[in-house]
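Trainee: no sequence for this one, just the structure:
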């Protein structure tokens, strides 16, 4: 390590973790600034456990702003995630970085549960907060140990999954009309989310295949459709095929009084597609690609609907051999 005089100032050239560690070089106008920076590097970037590292007194508010600058702004839902992080920050009492510990987060979690928040919501917020420190560590903006490392997730109850029977599909389609009928048919034919289908443009339909953009995971998905559906929805123009019509669809869905899980709206169409796909003998890996799931574990929730699911229980149980 060294501080050397250069033209118009001083340069710090330092390897706080030894000759094989990362090299830091920075220029300053005064020697005092250079010395202060060198001491900072030795205290915060060293690999020596016996050298005390200073507490990070930046606020969580500052860390969230840094996260958004370096990482969050590039995420599809970065603005929404930032708003949720700001809410978590407020609920935790606007802590400093060094005050964020497993105990403090556990207390926040217990308080959130007491207020009626679902474990799944709290787990998602924990992931968001954890990602702040993970991202800042990667860009060398946070140098302490990850404060949420090793914290287990709250146990979540399996979500109830409802889908429409064939007769219910026919009943629903009979009361829909116009754009919300067409969007519903796209969802039932491709497993698309309502928002993905509603935003389709004429240019997204090529050779009998629809391509969904702006999906939940940011990846495009292409699914074939029947010639009949193609003729029904394609206008011959490259612009938007449908108007925003979710409110009209939801209103009609509610009038049918289907026995659906609480809070389930247009997503029932996606569940209905996947459920009937498996009941009709579809392959679980193919379904994963159609739905755009990142892992097959997300798709396995539909596996029990396959006609061959655990069919060995019929032939390999002890009574079948007597």
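Mentor: Arrived safely, thanks for sending. On a predicted model such as this, the values are computed, not experimentally measured, just so you know.
Trainee: How about residue 171: what's its closest non-neighbour residue?
Mentor: residue 256 (6.2 Å; C-beta to C-beta, 6 or more residues apart in numbering). All C-beta atoms are positioned from the backbone trio N, CA, C, and that covers glycine.
Trainee: Does the one you found touch residue 173 like I think?
Mentor: No. Applying C-beta atoms under 8 Å as the test, residue 256 and residue 173 come out as separate, 10.7 Å apart.
Trainee: Now for this structure: which helix has the highest residue count?
Mentor: Counting residues, the longest helix found in the chain (DSSP state H) is helix 119-138.
Trainee: Who are the packing partners of the following helix or strand past that one?
Mentor: Later in the chain than helix 119-138, the nearest helix or strand by DSSP states H and E is helix 166-175. Contacts defined by 3 or more C-beta pairs under 8 Å, 6 or more residues apart in numbering; DSSP states H and E place helix 166-175 against helix 178-190, helix 246-255.
Trainee: could those be laid out in CSV, adding mean pLDDT?
Mentor: Below are the helices and strands packed on helix 166-175 laid out as CSV (pLDDT from 0 to 100):
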stretch, mean pLDDT
helix 178-190, 96
helix 246-255, 94
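Trainee: Serialize those to TSV and add fields for mean neighbour count and distance to residue 208.
Mentor: Listed next are these as TSV, based on neighbours: other C-beta atoms under 10 Å; distance: least, C-beta to C-beta, whole Å:
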stretch	mean neighbour count	distance to residue 208
helix 178-190	21	12
helix 246-255	14	25
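Trainee: mind putting the ones you listed in TSV, distance to residue 76 included?
Mentor: Output for these, formatted as TSV (distance: least, C-beta to C-beta, whole Å):
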stretch	distance to residue 76
helix 178-190	20
helix 246-255	19
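Trainee: Please report the distance of the nearest residue to residue 282 once chain neighbours are set aside from residue 20.
Mentor: Excluding the flanking residues, the one nearest residue 282 by C-beta to C-beta, 6+ apart is residue 306, at 7.7 Å. According to C-beta to C-beta, to the nearest Å, residue 306 and residue 20 sit 54 Å apart.
Trainee: neighbour-wise, which of those two wins?
Mentor: residue 306 (18 against 6; other C-beta atoms under 10 Å).
Trainee: what about the residue lying closest to residue 279 once chain neighbours are set aside, how many neighbours?
Mentor: Among residues not flanking residue 279 along the chain, residue 305 sits closest, at 4.9 Å (C-beta to C-beta, 6+ apart). Residue 305: 17 surrounding residues under other C-beta under 10 Å.
Trainee: Need the pLDDT of residue 305.
Mentor: The pLDDT attached to residue 305 in the predicted structure is 89.
Trainee: From residue 189, how far off is the residue nearest to residue 282?
Mentor: In terms of C-beta to C-beta, residue 306 sits 20 Å off from residue 189.
Trainee: what's the burial count for the residue nearest to residue 171?
Mentor: 13.
Trainee: Now do the helices in this structure.
Mentor: Secondary structure of the chain (DSSP H): helices located at 31-44, 60-70, 78-91, 102-114, 119-138, 166-175, 178-190, 194-198, 227-233, 246-255, 267-279, 284-291, 296-299, 312-315.
Trainee: Low-confidence regions, the chain specifically.
Mentor: 1, 43, 46-54 (pLDDT under 70).
Trainee: go with 80
Mentor: Applying pLDDT under 80 to the chain picks out residues 1-2, 16-21, 39-55, 158-160, 263.
Trainee: how's it carved up into domains?
Mentor: Per automatic domain parsing, the structural domains of the chain span 2-44, 60-138, 166-305.
Trainee: In contact with the closest residue to residue 178 other than its chain neighbours: list those residues for me.
Mentor: Using C-beta to C-beta, 6+ apart and skipping the chain neighbours, the partner closest in space to residue 178 is residue 245 (7.2 Å). With contact taken as C-beta atoms under 8 Å, 6 or more residues apart in numbering, residue 245 is in contact with 178, 179, 180, 183, 198.
Trainee: Return the member of these nearest to residue 96.
Mentor: residue 198 (44.1 Å; C-beta to C-beta).
Trainee: quick one: the closest one and residue 239, what's the gap?
Mentor: 14 Å.
Trainee: more crowded one of the two?
Mentor: Using other C-beta under 10 Å as the criterion, residue 198 and residue 239 rank with residue 198 on top: 23 against 8.
Trainee: Next, the contact list for the more buried one, please.
Mentor: 183, 242, 244, 245, 246.
Trainee: how many neighbours does the nearest residue to residue 58 once chain neighbours are set aside have?
Mentor: Setting aside the residues directly before and after it, residue 58 is nearest to residue 97 in space (C-beta to C-beta, 6+ apart), at 5.0 Å. Neighbours of residue 97 under the rule other C-beta under 10 Å: 18.
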